[in-house]
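K.L.:
Everything below, folded, please.
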Amino acid sequence: MHEVVIVGAGPVGLFLGALLLGEGVDVRILEQRSERSDHSRAIGIHPPALAALELVGVAGALMAEGVQIGRGLARSGGVPVAELSFAHVLPYPFVLTIPQARTEELLEERVRALDPAALLRGAAVTGLHDAGTHITVTGSAGAFQARLLIGADGARSTVRRLLGIPTRGRDYPDTYLMGDFPDTGSDGSTAVLYLEPGGIVESFPLPGSLRRWVVHTDSLLSGASAAELAGLILDRTGVSVPAEENRMLSAFGVRSRMALRMVAGRAALLGDAAHEISPIGGQGMNLGWLDAAALAPIIVAALRGEPTGARLERFGQSRMLASRVATGQAWLNMALGRPQPASALNLRHAILRPIFRRKWPGDVVAGRFSMQPFR
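P.N.:
Okay, the predicted model is just below:
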């Protein structure tokens, strides 16, 4: 019997696995994919999450390879509207960008260094049974028994479904098209938001002299080409990107879903399995890491026989509150980026300028956009 079985070897499951293995816990991580995905929707690591990643010894490698965004700039019609500096944000004065695939690779390397047998790929879970003293997980790789089970298997979580935990949420009307192109501009490590009548265009620097572009679209353009995305970028911002050198292209819609509880018997949910939020703002992956950092010491205490009922209850309450705050921030991010007539844009700019220029106590605005409420 293992002490902990984690279902899902995405960034959250791997991080929790590394945390627990570092504490000497016997862990098995079951992942249905036979190979790690090279698709990177998530690219941003916020300061509180980067501090958490220090606990498993990967923060240094991430910072060495990633791009440190020290400020954000909003433009409209080619004119600066507002600027945001992360200079006074703690514990790091920047948001780090690095493709999710590379982050997962570093976390997997850490897990395998701690226990080469901990991660089992090609292991789809199809059933589970909570016997009160332990949980049995069954699937394509056989049966596994564990004292505790963690579901970190994403927004369409099998563990959540097998536990019978319902969700609530909504689908949003917003759709986006994004892609990575060589960075041919002069914005360097600055993140740029183009607030235009046709909808927002976001631009973020990436390692390897690349830049990610995210464009709000009128409908889901699932069959769009890189040339079409380049055309949207040019039409709204005046910036030309080399479509023929596109590295990644993806269209996506937005929804939010929250599990009604994160803990059920000897099982718990983390990350998207517990709370799926809009990717606009880059909070989802970070929120999952902070879930794991909060749960890991409770797991270790429970395995040592310490009473953890009250701590688990506080964990569930605090992390669900954090997910609701993150959902609200994501909604605001999307609302700011929706198509607007010129008159409404001018009003929005008039509101944004004093908010971003004012020296708020503790740099509240910068802290909000860098997930400081989740520290």
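
K.L.:
same question for the lengthiest helix in the chain, mean pLDDT?
P.N.:
Determined from DSSP state H, the single longest helix within the chain is helix 309-336. In this model, helix 309-336 carries a mean pLDDT of 91.

K.L.:
Helices of the stretch 201-350 of the chain, start to end?
P.N.:
226-237, 284-303, 309-336, 342-357 (DSSP state H, counting those that start in this stretch).

K.L.:
buried sites along the first one?
P.N.:
Which is helix 226-237. Neighbour counts over helix 226-237 (16 or more other Cβ atoms under 10 Å) mark 226, 228-233, 236-237 as buried. Just so you know, the C-beta spots here come from the backbone N, C-alpha and C atoms, and that holds for glycine as well.

K.L.:
Please name whichever of the helices of the stretch 201-350 of the chain is nearest to A251.
P.N.:
helix 226-237 (9.1 Å; Cβ to Cβ).

K.L.:
centre of the chain versus that closest one, how much separation?
P.N.:
Centroid separation for helix 226-237 versus its chain: 26 Å, with Cα atoms, centre = their mean, to the nearest Å.

K.L.:
who does it touch, helix- and strand-wise?
P.N.:
Using 3 or more Cβ pairs under 8 Å, 6 or more residues apart in numbering; DSSP states H and E, the elements in contact with helix 226-237 are strand 167-182, strand 201-206, strand 210-217.

K.L.:
can you tell which of those is closest to L260?
P.N.:
Comparison of these against L260 by Cβ to Cβ identifies strand 167-182 as nearest, at 6.7 Å.

K.L.:
re earlier: determine the set of other helices and strands touching the longest helix of the chain.
P.N.:
Counting by 3+ Cβ pairs under 8 Å, 6+ apart, the packing neighbours recorded for helix 309-336 are strand 167-182, strand 248-259, strand 263-264, strand 275-276, helix 284-303.

K.L.:
okay, the buried residues of helix 226-237 in a markdown table with pLDDT and distance to G22 next?
P.N.:
Formatted as a markdown table, the buried residues of helix 226-237 follow (pLDDT from 0 to 100; distance: Cβ to Cβ, whole Å):
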| residue | pLDDT | distance to G22 |
| --- | --- | --- |
| A226 | 98 | 42 |
| E228 | 98 | 46 |
| L229 | 98 | 42 |
| A230 | 98 | 45 |
| G231 | 98 | 49 |
| L232 | 98 | 45 |
| I233 | 98 | 43 |
| R236 | 97 | 46 |
| T237 | 96 | 45 |
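
K.L.:
hey, C-alpha coordinates of whichever strand or helix holds V81 in PDB?
P.N.:
Under the criterion of DSSP states H and E, V81 resides in strand 79-85. Presented in PDB, the C-alpha positions along strand 79-85 are these (Å, rounded to 0.1, in the frame of the first residue of the first chain):
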ATOM      1  CA  VAL A  79      -0.900  55.700 -27.800                       C
ATOM      2  CA  PRO A  80       0.100  54.600 -24.200                       C
ATOM      3  CA  VAL A  81      -2.900  54.500 -21.900                       C
ATOM      4  CA  ALA A  82      -1.500  53.100 -18.700                       C
ATOM      5  CA  GLU A  83       1.600  51.500 -17.300                       C
ATOM      6  CA  LEU A  84       2.000  49.000 -14.500                       C
ATOM      7  CA  SER A  85       5.300  48.200 -12.700                       C
END
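
K.L.:
Check which residues of it are buried.
P.N.:
Under 16+ other Cβ under 10 Å, the buried positions of strand 79-85 are 81-82, 84-85.

K.L.:
Can you tell me the strand partners of it and which way each runs?
P.N.:
Using DSSP bridges, the strands paired with strand 79-85 are strand 71-76 (antiparallel).

K.L.:
closest to G337 out of the helices and strands packed on helix 309-336?
P.N.:
strand 167-182 (7.7 Å).

K.L.:
and the helix or strand following that closest one, how far out from the chain's middle?
P.N.:
Scanning forward in sequence from strand 167-182 by DSSP H and E, the next helix or strand is strand 191-194. Chain-centre distance of strand 191-194: 19 Å, with Cα atoms, centre = their mean.

K.L.:
Give me the helices and strands touching strand 191-194, please.
P.N.:
Packed next to strand 191-194, using 3+ Cβ pairs under 8 Å, 6+ apart, are strand 71-76, strand 201-206.

K.L.:
Show residues contacting that strand.
P.N.:
For strand 191-194, contacts defined as Cβ atoms under 8 Å, 6 or more residues apart in numbering pick out 69, 71-76, 95, 200-205, 236-237, 337.

K.L.:
wouldn't E276 be in contact with R255 here?
P.N.:
Yes - in this structure E276 lies within contact range of R255 using Cβ atoms under 8 Å: 6.8 Å.

K.L.:
Low-confidence ranges, this protein, go.
P.N.:
Residue ranges of the chain with pLDDT under 70: 342-375.

K.L.:
so what's the residue nearest the centre of it closest to, chain neighbours aside?
P.N.:
In the chain, the C-alpha closest to the average C-alpha coordinate belongs to M285, at a distance of 2.1 Å (Cα atoms, centre = their mean). Of all residues not flanking M285 in the chain, A42 sits nearest, at 4.4 Å (Cβ to Cβ, 6 or more residues apart in numbering).

K.L.:
Repeat that for D38.
P.N.:
Closest to D38 by Cβ to Cβ, 6+ apart is A101, at 5.0 Å.

K.L.:
quick one on the thing from earlier: chain center to the longest helix of the chain, what's the gap?
P.N.:
13 Å.

K.L.:
Next: stretch 201-215.
P.N.:
Distance of stretch 201-215 from its chain centroid, counting by Cα atoms, centre = their mean, is 16 Å.
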